[in-house]
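Colleague: Please work out how this folds:
(2 chains)
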Amino acid sequence: MTAVDETRAPSAEVGRDRRRKEDQHLITGRSRFTDNIVLPGMLHVAMVRRPYAHARITGIDASAAQESPGVVAVLTGDDVKDQQGSLPNAWPVTPEQKAPPHPAIAVDRVAFSGEVVAAVVARTAAAARDAAELVDVDYEELDPVVDLKAAAADEKLAHPDLGTNRSALWVFDSAEAGTGGDVEEAIRDAEVLVEREFRQQRLIPAFMEPRSVVVDPTGEQFTMWSATQVPHILRLMLALTLAVPESKIRVIAPDVGGGFGGKLQVTPEEVITFLVARRTGKPCKWTETRSESLLSGHHGRDQWQKLTLAARRDGTVTGLKVELTANMGAYLGLVTSGIPILGAFMFNAIYKFPSYRFECQNVFTNLTWTDAYRGAGRPEATFAIERMMDELATELGRDPIEVREQNWIKHEEFPFTTVAGLEYDSGNYEAATARAKELFGYDELRAEQARRRESGDRVQLGIGVSTFTEMCGLAPSRVLGSLSYGAGGWEHASVRMLPSGKVEVITGSSAHGQGHETAWSQIVADQLGVPFEDVEVLHGDTQISHKGLDTYGSRSLVVGGQAVIKAAQKVIDKARPLAAHVLEANVDDLEFAEGRFTVRGAGEGQEGIGLTDLALAVFAAHDLPDGMEPSLDADATYDPVNFSYPHGTHLCAMEVDTETGQSRMRAYVCVDDVGNVVNPLIVDGQVHGGLVQGIAQALWEEAVYDDQGTLVTGSFVDYTLPTSADTISYVTDRTVTPSTTNDLGAKGVGEAGTIASTPAVVNAVLDAVRQFGVTDIRMPMTPERVWRAIQEGRGSAPTPEAAQPHFEAGEPNQDTPETEGGQA
Amino acid sequence: MTRISVKVDGVTYEDEVEPRTLLVHYLREQLGKTGTVIGCDTSNCGACTVHLDGRSVKSCNVLAVQADGHEVTTVEGLADPVDGTLTPVQEAFRDCHALQCGFCTPGMIMQATDLLRENPRPTEEEVRVGMEGNLCRCTGYHNIVRAVLEAAAQREGQRA
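Modeller: Coordinates of the predicted model:
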């Protein structure tokens, strides 16, 4: 189906739908998730968390907990305040950025509901949890800052000592940057002006494996196993936070059960478990409950987005102004402050805006802190611009795809420098859109929609469009530097040639479900001409993979995979003189193909020498060229030259029951262009999973707080992840426009589905109900919200909730047992 | 403490347990059957699904004492103990790329196995409804549904 499939050599591994190497141990229950690890003498940690969103700690009495059977220690903020440091924020987005200290255990004040106030260490997890209940903490409640807009207005303060809730204001202006015109001018001269405000609700990453940490302090080094996406970053940050030499810390990310950005963090619990292990001298484990996870693991999104789009009457866009208010929550986590800024370069998307301005005000509240969640900044941008393009089409009375096409970058215009200053290397929006329309049956569905509208059908059909792009493969280090990010964007790999002919590949990009072992094996099999099965990929242990920047931002293949290629090429270069020596030929006359060196011009049928034979010869080292180091092993550290820019066209058909507000997905087609594909099976899987997370934002998920700052969606009963029964099967296809900035020609894919799907669904529901005067519905688009929007749009006042009691006031419940559950 | 006798994956165990011990904690902490994992605390996610006398149960929703005198099969007891041959459901999960991080997989496989026992020829809709009690965050369910349907077809093929 893809161009790669058609053009690859018959023996090539890249492009093949290899079944995953990772699966065998996972389908037979031989998994090694952190919570599965048991060490001799291990102690267990339970956290005492505060119930209030904002309070002063006036006293802690831990004596009852301390006396509880099996309890070894109880630690409060006072006990660790001189050792715990402040949890790191690696992205001060402006030099003036304000942030409160971020203690692992709160010392005198707690700033969000769920913050740790004490840790109990006991012989068993159950004993620790029992004792945690006995820790008596006195609080003086303070007024919590819950509402984002009110917080931005500094009506009351989330951190009184900070003097303001405003952490940082970050601005990009195309006129100032020299990448475009003045947006205010465009707005002043606009023939059509579309102004909208959207709410990006708060979401919870909700990886399936709850976070877990084990720290073993026995021996010369501290070994930490953690359910983390970022073992390398965690090791460095632990060292810096706790003033422990980095060389004394080993971090292992064993099997990790999903992350989606939620495990891209240095957590209070990791620091606390380290501290209690150091104090007790025993291996210590902390594993969270799901409720703890939803409450205290970082959240995602949570913005108000104000947009102004200027256009000409003929539909040509002339300017875009974006004003964001982004909720940091109570603290700045590892990259909290930078997440909304990652959207700054993507609101202009695939369209040729001549002028652009982006402002983002980062604001503190007394809620769980936010940070990366799949897409991180780009779903917010894509949602807003794709909603706006539909609004523009509506304003002009034109087809939404037609208006997009009028404004997008044409395939012959690549490489294209955008108004945000990025250079898109390649793309073909026309091809992806044409294919998507064909698979979707766009014209037929539009005809059906018209019929249903005309007949006044109770169930109305809506069609949603999202033509997205994103920037991934974070990132060229110099770009990250210019954004004040605290690290680079390179990745490391090693290739080790074992004497038995097997190959070990070490990658700094630590997977947690993405299938790196399989994909990297395919790449190396092609590069070195060795069997797929003979390649072993190692990762996620800082003692094995000593250097790396881990997995997030759809970076692994385009950055980490490229590092693997560079290392493999170095192996071949190192083997060349030895091959020449063995074959008694000149180095310049050698050719390398399919794992063998042969001599150019020596004729067909020559045996040559295999790379794996050379590996054995190097191991023996009996007969090497003079001065040759007895090793073929090679390292490479690769810094990408650009982001990669996958794109695609997503089309969604939603049926909306206009009497109940219930919506149902009828069809979803996406045609993604992620460049060349290493493993189509894995790519499709990434797209499916991404789609559902984006669809869930549109329809089902929201982290809801009450006005006291208490999370009311604190379990899986209330935070409603989609199930198999809520979802449908998707039609996925690809077009291939290879990236020009890496050898594979690949682009990132991990976040694409999530970034693209949310606006497609929302646009579809709105398309079904705009006819009733509806202009917007807030996400998640629950049946109630859809129904209310229809009622309000029609001008009929919605029924006040209290006006229709289903039983008489003062009377007991009048439902008989037989009628409960809607069975009557 | 209460004394129980349970057969797990073909082995009979006699143990003392606290009456409050959940079956999943007994399996993981006392028997070391860590293939069965815990994903939530409200019995919504289904990651801990095992078979109790051949029927799927969420083992976080059963007390260890309730398993006394019964037989439990976990994901570790599915493949042939001698030659490691996988069941059709395990095979189909790999073949259809129905897992990514693999955390929900033990529960998914146990639930799918029971679903196919009850209904050997399910429609897509029946699979979707039958797997509703097991949450996955990676796959979007697309390939899990395919895998269950493929396993059904495989078993059908074997019978024919």
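
Colleague: When you work out contacts or count neighbours from here on, use the C-alpha atoms and nothing else.
Modeller: Will do.

Colleague: and the stretch 551-700 of chain A, which of its residues are near chain B?
Modeller: A:681-682, A:685-686, A:688-693 (Cα under 8 Å from any Cα of the partner chain).

Colleague: so what's residue A:374 up against?
Modeller: By Cα atoms under 8 Å, 6 or more residues apart in numbering or on different chains, the contact set of residue A:374 is A:205, A:260-261, A:553, A:751, A:754.

Colleague: Actually, residue A:470.
Modeller: Applying Cα under 8 Å, 6+ apart, one finds that residue A:470 lies in contact with A:346, A:349, A:378, A:644-647, A:752, A:755.

Colleague: do residue A:44 as well
Modeller: Residues near residue A:44 by Cα under 8 Å, 6+ apart: A:121-125, A:128, A:284-286.

Colleague: These in strands, which ones?
Modeller: Per DSSP state E, strands hold the following members of these: A:121-122, A:284-286.

Colleague: contacting residues for the residue in the stretch 1-150 of chain A that chain B sits nearest to?
Modeller: Closest approach of the stretch 1-150 of chain A to chain B (Cα to the nearest Cα) occurs at residue A:29, with a separation of 3.8 Å. By Cα under 8 Å, 6+ apart, residue A:29 lies in contact with B:34-36, B:75-76, B:106.

Colleague: quick one: which of those is nearest chain A?
Modeller: The closest of the contacts of residue A:29, once distances to chain A are taken by Cα to the nearest Cα, is residue B:35, at 3.8 Å.

Colleague: Leaving aside the residues adjacent along the chain, what's closest to the closest one?
Modeller: Excluding its sequence neighbours, the residue lying closest to residue B:35 (Cα to Cα, 6 or more residues apart in numbering or on different chains) is residue A:29, at 3.8 Å.

Colleague: before we move on, what about residue A:312?
Modeller: Using Cα to Cα, 6+ apart, the nearest residue to residue A:312 is residue A:191, at 4.9 Å.

Colleague: Quick check: that neighbour touching residue A:311?
Modeller: Yes: applying Cα atoms under 8 Å, one finds residue A:191 in contact with residue A:311, separated by 6.1 Å.

Colleague: how does chain B divide into domains?
Modeller: Per the record, chain B has its domains at B:2-77, B:88-159, by automatic domain parsing.

Colleague: and those domains, which is most packed in?
Modeller: Stretch with highest mean neighbour count among the domains of chain B: domain B:88-159 (a mean of 22; mean count of other Cα atoms under 10 Å in any protein chain shown).

Colleague: quick check, that domain touching chain A?
Modeller: Yes: Domain B:88-159 lies within reach of chain A by Cα under 8 Å from any Cα, at B:90, B:93-95, B:97, B:99-106, B:109, B:125, B:128-129, B:131-143, B:145.

Colleague: that older thread, now the contacts of residue A:470 as CSV including pLDDT and distance to residue A:505?
Modeller: Shown next, in CSV, are the contacts of residue A:470 (pLDDT from 0 to 100; distance: Cα to Cα, whole Å):
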residue, pLDDT, distance to residue A:505
A:346, 97, 35
A:349, 98, 37
A:378, 96, 32
A:644, 94, 24
A:645, 96, 27
A:646, 97, 27
A:647, 98, 30
A:752, 94, 27
A:755, 96, 31
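
Colleague: Taking these together, which two end up most distant?
Modeller: A:644 and A:755 (14.7 Å; Cα to Cα).

Colleague: quick one, which of the two is more surrounded?
Modeller: Neighbour count, other Cα atoms under 10 Å in any protein chain shown: between residue A:644 and residue A:755, residue A:644 has more, with 33 against 29.

Colleague: Assign a three-state SS to residue 72, would you?
Modeller: Assuming you mean chain A. Three-state assignment for residue A:72 (DSSP: H, G, I helix; E, B strand; the rest coil): strand.

Colleague: meant chain B, my bad for not saying
Modeller: The assignment at residue B:72 comes out as strand when based on three-state DSSP.

Colleague: residues in contact with it?
Modeller: So residue B:72 contacts B:6-9, B:50-54 (Cα under 8 Å, 6+ apart).

Colleague: related to what we said a few turns ago, so which of the domains of chain B gets nearest residue A:15?
Modeller: The nearest among the domains of chain B, by Cα to Cα, is domain B:88-159 at 15.7 Å.

Colleague: show me what contacts residue 111?
Modeller: Going with chain A. Residue A:111 neighbours (Cα under 8 Å, 6+ apart): A:53-55, A:158-159, A:330, A:366-367.

Colleague: actually chain B
Modeller: Here residue B:111 is in contact with B:49-50, B:56, B:131, B:134 (criterion: Cα under 8 Å, 6+ apart).

Colleague: how about those, which pair is most distant?
Modeller: The span of the contacts of residue B:111, defined through Cα to Cα, is set by B:50 and B:131 at 13.8 Å.
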